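Colleague: Structure for the following, please:
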Amino acid sequence: MSVNLRVSIGGLRLTSPVMAAAGCGGFGHELARLGVLEHLGALVTPSISASSHPTQHRVRLTEAPSSLVLPTDWPTIGTDTMQPTRVPWEGEQGVPVVASLVGSTSGEFAQAAAGLRRRTLLRGVGGVEVNLACPDAGNKGIPFSYADFAATKVIARVREELPRNVPVLAKLSADVSDVVEIARGCVKSGAEAVVVTSPLRALSMTGVRLSLPARSAGLSGPALLPVTLRAVHDLAAAIRDGRLPPVAIVAVGGISNGHDAAQAMAAGASAVQLGTALIHDPGALRTFRDELVADLQALGLHDVQQLVGLVHR
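Modeller: Okay, here's the model as predicted:
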């Protein structure tokens, strides 16, 4: 039995529900050389800001039980340094690109979005993901995703700077008291999709010393899967109950294989993103699709959209 894997995320049409999480697939060139880029439905770029920023520390990854502790403030590329005639994601890959925007104020997010538009850098960009896990310089470094007003303001500012045909994806954290409330504000401000969850705030130590600054570390990897499933489930339930406007949900955090993807989609996600799994083994993309298809066939489903929200029906 053939299975249809096509999905739509806020108007962004994908041939597969599998996406590369922000920065974990680079700009796609390495994945293309490995021959696995074709297995992705979309690629989320590394962090893009209004102006380039180096990191304030040595970038390193630290292993933890079933997870990784990684820096949350990676170096960024600025729209002010990008050349319209040669954008870094341009090539012959044929995979939709989602630009990941970061900033330390709502104004910086807006400037990054405006930079993409004014410098004609939106060529080849199918959507924009707004990383609300960034620390808010105006709120003691607390991530934007932790405060309804802060997250809402960022999404509204970004939405104003982009054409209506470019969907905005709000990337939230599950490490909040009510992810539905934060998501509601983002959707009302113009987000066409919600992505959960960004890395959970964590601490990395070597012996009795910090390996990374306390404010610059996040936990990712397989250990996050139950947290991601909970967040996706709660958002999908809120949509069914009318507490959240209809919006596409993208699951990220702990998705390691096609079976994990099937669980996330049954909980309510329309697509999934691979982060740590892609860093660990890019070649896993070759089997990811087969595992997802096998689960669909075992359930007697011929369209992946029949799987979305299955646990709620």
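Colleague: pLDDT score for Pro246?
Modeller: Reported pLDDT at Pro246 in the predicted model: 97.
Colleague: helix or strand for Gln297, which one?
Modeller: Using DSSP states H and E, the element containing Gln297 is helix 285-298.
Colleague: in that helix, what's buried?
Modeller: For helix 285-298, the buried set under the neighbour-count rule, 16 or more other Cβ atoms under 10 Å, comprises 285, 288-289, 291-293, 295-296. C-beta here means a position set from N, CA and C on the backbone, and glycine is covered the same way.
Colleague: Show the contacting residues for the nearest residue to Ala237 once chain neighbours are set aside.
Modeller: Closest residue to Ala237 apart from its sequence neighbours, by Cβ to Cβ, 6 or more residues apart in numbering: His312 at 6.4 Å. Each residue near His312 by Cβ atoms under 8 Å, 6 or more residues apart in numbering is listed here: 236-237, 240, 268.
Colleague: Output these in a markdown table; the columns should cover pLDDT and distance to Gly127.
Modeller: Compiled in a markdown table, those are given as follows (pLDDT from 0 to 100; distance: Cβ to Cβ, whole Å):
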| residue | pLDDT | distance to Gly127 |
| --- | --- | --- |
| Ala236 | 98 | 20 |
| Ala237 | 98 | 25 |
| Arg240 | 97 | 25 |
| Gly268 | 98 | 20 |
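Colleague: hmm, which two among those are most spread apart?
Modeller: Farthest apart among the contacts of His312 by Cβ to Cβ are Arg240 and Gly268. That separation is 8.7 Å.
Colleague: Find residues that contact each of the two.
Modeller: Counting by Cβ under 8 Å, 6+ apart, the common neighbours of Arg240 and Gly268 are 309, 312.
Colleague: who wins for most neighbours among the contacts of His312?
Modeller: Neighbour counts for the contacts of His312 (other Cβ atoms under 10 Å) peak at Gly268, which has 25 neighbours.
Colleague: Would you check that that residue makes contact with Leu235?
Modeller: Yes. Using Cβ atoms under 8 Å, Gly268 is in contact with Leu235, at 6.4 Å.
Colleague: Can you work out which residues contact both of the two?
Modeller: Listed as contacting both Gly268 and Leu235 by Cβ under 8 Å, 6+ apart are Ile249.
Colleague: low-scoring stretches of the stretch 51-200 of the chain, by residue?
Modeller: 55-59, 91-93 (pLDDT under 70).
Colleague: could you show me where the strands are in it, in order?
Modeller: For the stretch 51-200 of the chain, applying DSSP state E, counting those that start in this stretch gives strands covering 62-64, 67-71, 77-78, 97-101, 125-131, 168-172, 193-196, 200-201.
Colleague: do you know how far Met1 is from Ala113?
Modeller: Using Cβ to Cβ, to the nearest Å, one gets 43 Å for the distance from Met1 to Ala113.
Colleague: the more surrounded of those two?
Modeller: Applying other Cβ under 10 Å to Met1 and Ala113 shows that Ala113 carries more neighbours, namely 28 against 8.
Colleague: correct me, but that one touches Ala156?
Modeller: No. With contacts counted by Cβ under 8 Å, Ala113 stays clear of Ala156, the gap being 11.2 Å.
Colleague: I'd like to know which of the contacts of His312 are part of helices.
Modeller: Per DSSP state H, helices hold the following members of the contacts of His312: 236-237, 240.
Colleague: quick check, nearest of those residues to Gln306?
Modeller: Nearest to Gln306 among these is Ala236, at 14.7 Å by Cβ to Cβ.
Colleague: Need the nearest residue in space to the closest one, chain neighbours excluded.
Modeller: Ala236 sits nearest to Gly268 (Cβ to Cβ, 6+ apart), 2.5 Å away.
Colleague: which residues sit in contact with the one you found?
Modeller: Gly268 is in contact with 232-233, 235-237, 239, 249, 308-309, 311-312, counting by Cβ under 8 Å, 6+ apart.
Colleague: likewise Ala64?
Modeller: 202, 219, 221, 223.
Colleague: roughly how far apart are it and Phe288?
Modeller: For Ala64, the distance to Phe288 - Cβ to Cβ - is 24 Å.
Colleague: what do you get for Leu200?
Modeller: 24 Å.
Colleague: looking at it, Ile77 is touching Pro54, isn't it?
Modeller: No. Using Cβ under 8 Å, Ile77 is not in contact with Pro54, being 10.9 Å away.
Colleague: Comparing these two, which shows the higher neighbour count?
Modeller: Taking other Cβ under 10 Å, Ile77 and Pro54 do not tie; Ile77 has more neighbours (17 against 9).
Colleague: Done for today, thanks.
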